[in-house]
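1. have a look at this fold, sequence not included:
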Ligand code: SF4
């Protein structure tokens, strides 16, 4: 049985849904909302949100990145916290937005204020709210991939594992090279498909070596990338976002599986 | 060295198909990383030392003119000579002149990336002077007429078998006719061959890891002691170093050495650390009679004071390439120039121009592993992004990419339109992909589906549509 605790009672939390979650895997957004609500937060999904601007920023289109960042800042002001089920988009806001407004002190201050309130989902639950591991079930032997931006920009590492440790029926087996990039890298994977593929091959070998039947991570980009290759090769590993598992919503078809 | 950085995309394909290279890389990827980790784990103050290393280099760069002049004065006082080389061409000319003054036919060289940067070997050979590489790795690739593929392990792209073949082919005429297979035997044979050649050298050329302003010393680390042979046996010793190598004091050198070897090979110290301080003095048993330092700028001073200055902190440890998964997939040659890996992606566009080396800073997932290990904390992804921005401004980004990005940005700035567009895309992809759960080919997504399937979206509409339909709070 789920045992809601209320450490987030009274907090207004805006959910940054991320464009990939919105388009490909809405259940991750609902899982995030459920986890936040179970913790007592009031969850709002600001309507003006679209994308965090990473494609433009990482491709050198600074002007558009600044423009998009400004809109995100406006859309997410006035909440106690902003939470994203993604270390990459969370990192974009928390780590890179302030740098985008280096020449504009007023906007820089707003960007910094937003950055200070913005969190990746599992770090928010564990580090900010102090939520205990959930009492949910999921029969699986899982391995966890540490997505790069979350890991290195926001220090996402122990938090998802701590939450997964509470999932009944789930055994976590660490893979070798869990911290090595899966080859996604946003536009990188389509601009340099062959290098991306070589990196992905290494990743799949590490996943396979654990014998896990389930692959988890906290970023949908990496998950789509790894799932796409696992399926191309016909490997029977289920791929899910960590939020789905800790919210007790792992009954959905896994990423890339046919709809019922 | 002639650049093929413009052919990066072709170089990738070649590298990925090269079975020997892939085998070498798979060994390298694990070895260097584990050894560094071991060295770091044994040293609790490592992170503090990285801060110190960064600060020392930053201080030196902020006062570069002061320390360079101080270094020069010291060298002169010791009886040495200092030559300022604004460009690669100047450096080549200076070194050739010095070799000619010494009537040199052969020069012994100790591994120097600067020599590669200015194409020194080719230049000397073209003028009838034979350079002999004294570093084992450099020697191997010299025999094979290949450029280095790594800044501290130039032959890391080769397997032991390839080395055995190379020696067998070249050493036969020197009386070594057996094809060796054991690592130690190969090293011993190379050593014997090289020792003979050292005796003949008229000039020794070495690079420098650091130039110490306080004492006028140039400092070099090696694991084979080859630098000592290059700088003590010949009568003339030429040090070639780029200007950002200067640091204030010997104490600073000691601090930087502590992070250098650990980051590079996981050693506490390199096997040999050599300080060269001027020519032989009266009563010295050995050492060169004439001592020269060539200080190369080659565009570096233009980086000072700008947002790219951080790249000049680099102490050439190679940790960034050892940890870079892109380097690990394709090796150093694919980058097409002297400096590969993350630091190459930052330096090469500076030294060669974006038109030539623009692919390099793009070929990164920004995974950040390089920055997380760099002993002087160079923000490598940020510097790569800087190049992407210059590229975008100058419209060097491919038009198709620009168009796609522009469309996405246009939508991202118009939430209502964005919802319509993502809603349509979501429904279409979910509908047609529903039965299979994924796509193995998709129009306009060839870069994605070349090697992997595209998972289909869940059915039921976008998150935003569903959230609204369920009456969730939206403000
Ligand atoms: S950039 Fe940093 S990690 Fe890379 S070679 Fe230079 S000092 Fe070493």
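-> Great, that's in hand. Computed from a prediction, not measured in an experiment: that's the story for all the values here.
2. need the three-state assignment for the residue most central in space within chain B.
-> Nearest to the mean C-alpha position of chain B, counting by Cα atoms, centre = their mean, stands residue B:339 at 3.7 Å. Recorded secondary structure, residue B:339: coil (DSSP: H, G, I helix; E, B strand; the rest coil).
3. I'd assumed residue B:114 was in contact with it.
-> No. Taking Cβ atoms under 8 Å as the definition, residue B:339 is not a contact partner of residue B:114, at 10.8 Å. Yep, even glycine has a C-beta here, placed from its N, CA and C like the rest.
4. buried stuff in stretch B:193-212?
-> Under the neighbour-count criterion of 16 or more other Cβ atoms under 10 Å in any protein chain shown, stretch B:193-212 has B:193-194, B:197-198, B:201-212 buried.
5. now do the contacts for residue B:126.
-> The contact partners of residue B:126, by Cβ atoms under 8 Å, 6 or more residues apart in numbering or on different chains, come to none.
6. now it: how far from chain A?
-> 36 Å (Cβ to the nearest Cβ, to the nearest Å).
7. and residue B:444, what pLDDT?
-> On the pLDDT scale, residue B:444 is placed at 77.
8. that one and the ligand, how far apart?
-> Look at residue B:444 and the ligand: by Cβ to the nearest ligand atom, to the nearest Å, they are 37 Å apart.
9. and that residue, its phi and psi?
-> Residue B:444 adopts backbone torsions of phi 70, psi 0, taken as degrees, to the nearest 10.
10. and the strands in the chain?
-> Unless you meant another one, I'm taking chain A. According to DSSP state E, chain A carries its strands in the segments A:12-15, A:42-44, A:81-84, A:118-120, A:137-144, A:168-172, A:214-217, A:238-241.
11. try again with chain B
-> B:81-85, B:106-109, B:130-133, B:203-206, B:210-212, B:217-222, B:236-242, B:246-247, B:272-276, B:290-296, B:438-439, B:454-455.
12. please name the residues that touch the nearest residue to residue B:269 once chain neighbours are set aside.
-> Nearest non-adjacent residue to residue B:269, counting by Cβ to Cβ, 6 or more residues apart in numbering or on different chains: residue B:261, 5.3 Å away. Residue B:261 makes contact with B:39, B:221, B:267, B:268, B:269, B:270 under the criterion Cβ under 8 Å, 6+ apart.
13. give the contact list for the residue of the stretch 201-350 of chain B found nearest chain A.
-> Using Cβ to the nearest Cβ, the closest approach of the stretch 201-350 of chain B to chain A is made by residue B:329 at 3.9 Å. Taking Cβ under 8 Å, 6+ apart, we find residue B:329 in contact with A:195, A:198, A:199, A:202, B:15, B:16, B:25.
14. pull out the buried residues from those.
-> A:195, A:198, A:199, A:202, B:15, B:16, B:25.
15. nearest to the ligand among these?
-> residue B:25 (17.4 Å; Cβ to the nearest ligand atom).
16. in this structure the closest one contacts residue B:332, no?
-> No. Residue B:25 lies out of contact with residue B:332 (Cβ under 8 Å); the separation is 9.6 Å.
17. common neighbours of these two, please.
-> What both residue B:25 and residue B:332 touch, as defined by Cβ under 8 Å, 6+ apart, is the set residue B:157.
18. picking that back up, excluding its backbone neighbours, what's nearest the residue of the stretch 201-350 of chain B closest to chain A?
-> Per Cβ to Cβ, 6+ apart, closest to residue B:329 is residue A:198, 3.9 Å.
19. can you put the strands of chain B in JSON lines and add mean pLDDT and distance to chain A?
-> Converted to JSON lines, the strands of chain B look like this (pLDDT from 0 to 100; distance: least, Cβ to the nearest Cβ, whole Å):
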{"stretch": "strand B:81-85", "mean pLDDT": "98", "distance to chain A": "33"}
{"stretch": "strand B:106-109", "mean pLDDT": "93", "distance to chain A": "33"}
{"stretch": "strand B:130-133", "mean pLDDT": "92", "distance to chain A": "30"}
{"stretch": "strand B:203-206", "mean pLDDT": "94", "distance to chain A": "35"}
{"stretch": "strand B:210-212", "mean pLDDT": "98", "distance to chain A": "29"}
{"stretch": "strand B:217-222", "mean pLDDT": "94", "distance to chain A": "28"}
{"stretch": "strand B:236-242", "mean pLDDT": "96", "distance to chain A": "27"}
{"stretch": "strand B:246-247", "mean pLDDT": "98", "distance to chain A": "29"}
{"stretch": "strand B:272-276", "mean pLDDT": "91", "distance to chain A": "32"}
{"stretch": "strand B:290-296", "mean pLDDT": "97", "distance to chain A": "30"}
{"stretch": "strand B:438-439", "mean pLDDT": "90", "distance to chain A": "4"}
{"stretch": "strand B:454-455", "mean pLDDT": "94", "distance to chain A": "4"}
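20. pick the most deeply packed of those strands.
-> Of all the strands of chain B, strand B:203-206 carries the top mean neighbour count, a mean of 28, counting by mean count of other Cβ atoms under 10 Å in any protein chain shown.
21. which residues does that one contact?
-> Residues outside strand B:203-206 that contact it (Cβ under 8 Å, 6+ apart): B:95, B:98-99, B:102, B:104, B:107-110, B:112, B:115, B:120, B:131, B:218, B:220, B:227, B:229-240, B:276, B:288.
22. swap in stretch B:342-351?
-> By Cβ under 8 Å, 6+ apart, stretch B:342-351 touches B:3, B:5, B:117, B:151, B:298-299, B:303, B:308, B:311, B:314, B:316, B:320-321, B:324, B:327, B:332, B:335, B:337-339, B:356-358, B:360-361, B:363-364, B:370, B:378, B:380, B:383-384, B:387.
23. weed out the non-buried ones from the residues you listed.
-> Buried among these by 16+ other Cβ under 10 Å: B:3, B:5, B:117, B:151, B:298-299, B:303, B:308, B:311, B:314, B:316, B:320-321, B:324, B:327, B:332, B:335, B:337-339, B:356-358, B:360-361, B:363-364, B:370, B:378, B:380, B:383-384, B:387.
24. let's see which of these end up in helices.
-> Using DSSP state H, the members of the buried ones among the contacts of stretch B:342-351 that fall within helices are B:117, B:320-321, B:327, B:356-357, B:360-361, B:370, B:380, B:383-384, B:387.
25. tell me who's in contact with the closest residue to the ligand within the stretch 51-200 of chain B.
-> Closest approach between the stretch 51-200 of chain B and the ligand, counting by Cβ to the nearest ligand atom: residue B:151, at 6.4 Å. Contact analysis of residue B:151 by Cβ under 8 Å, 6+ apart lists B:113, B:316, B:318, B:321, B:339, B:340, B:341, B:343.
26. which of these are close to the ligand?
-> B:316, B:318, B:343 (Cβ under 6 Å from any ligand atom).
27. just put those in CSV and tack on distance to residue A:112 and pLDDT.
-> What follows is those, written out as CSV (distance: Cβ to Cβ, whole Å; pLDDT from 0 to 100):
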residue, distance to residue A:112, pLDDT
B:316, 35, 97
B:318, 36, 97
B:343, 30, 98
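28. which one of these is nearest residue A:62?
-> Taking Cβ to Cβ as the measure, residue B:343 is the one of these closest to residue A:62, at 23.0 Å.
29. distance check, the closest one against residue B:3.
-> Distance from residue B:343 to residue B:3, counting by Cβ to Cβ, to the nearest Å: 16 Å.
30. contacts only, for residue A:11.
-> Contacts of residue A:11 by Cβ under 8 Å, 6+ apart are A:40, A:41, A:42, A:80, A:81.
31. now do it against the ligand, distance only.
-> 41 Å.
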